[in-house]
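Visitor: only geometry, no sequence info:
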């Protein structure tokens with residue numbers, strides 16, 4: 001089974017954080033590449049575990065994947081944007 005996902009990476013202090021959207025799985029590493037590798041492993045383990053316990057289809061549907069023509073289609077991202085807001089506190 002082949003499942004696509006979008007990855008967002010940012011830096012927090014000395015670590016790079018990688019987030020698999022829309023699966024909402026995260027991992028980290030000392031470099032962006034290390035974070036990617038750790039995330040790919042975490043996603044793989046999550047999906048294999050979900051398949052083993054019989055919840056993979058339900059999980060993918062809940063996060064927006066569609067099953068079409070015998071394969072899972074990931075949600076199409078329109079934009080990933082950085083916004084800010086001023087709060088008068």
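Guide: Looks like it arrived, so ask away. Keep in mind that what you see is a predicted model, and the values were worked out from it rather than measured.
Visitor: which SS class is residue 41?
Guide: Secondary structure for residue 41, judged by DSSP: H, G, I helix; E, B strand; the rest coil, is helix.
Visitor: host element of the closest residue to it other than its chain neighbours?
Guide: Excluding its sequence neighbours, the residue lying closest to residue 41 (Cβ to Cβ, 6 or more residues apart in numbering) is residue 27, at 7.5 Å. Every residue, glycine included, has its C-beta placed from N, CA and C. Using DSSP states H and E, residue 27 sits in strand 25-29.
Visitor: so which helix or strand takes in residue 44?
Guide: Using DSSP H and E, residue 44 falls within helix 32-53.
Visitor: Contact partners for the residue lying closest to residue 63 once chain neighbours are set aside?
Guide: Closest residue to residue 63 apart from its sequence neighbours, by Cβ to Cβ, 6+ apart: residue 22 at 4.3 Å. Residue 22 is in contact with 5-6, 63-65, 74-75, counting by Cβ atoms under 8 Å, 6 or more residues apart in numbering.
Visitor: For residue 43, see how far away residue 22 is.
Guide: 12 Å (Cβ to Cβ, to the nearest Å).
Visitor: for residue 65, same thing?
Guide: Note on residue 65: its distance to residue 43, by Cβ to Cβ, is 13 Å.
Visitor: For the residue nearest to the spatial centre of the chain, list the residues it contacts.
Guide: The centroid of the chain falls nearest to residue 20 when counting by Cα atoms, centre = their mean (1.4 Å). Contacts were defined as Cβ under 8 Å, 6+ apart; by that measure residue 20 touches 5-7, 26, 39, 42-43.
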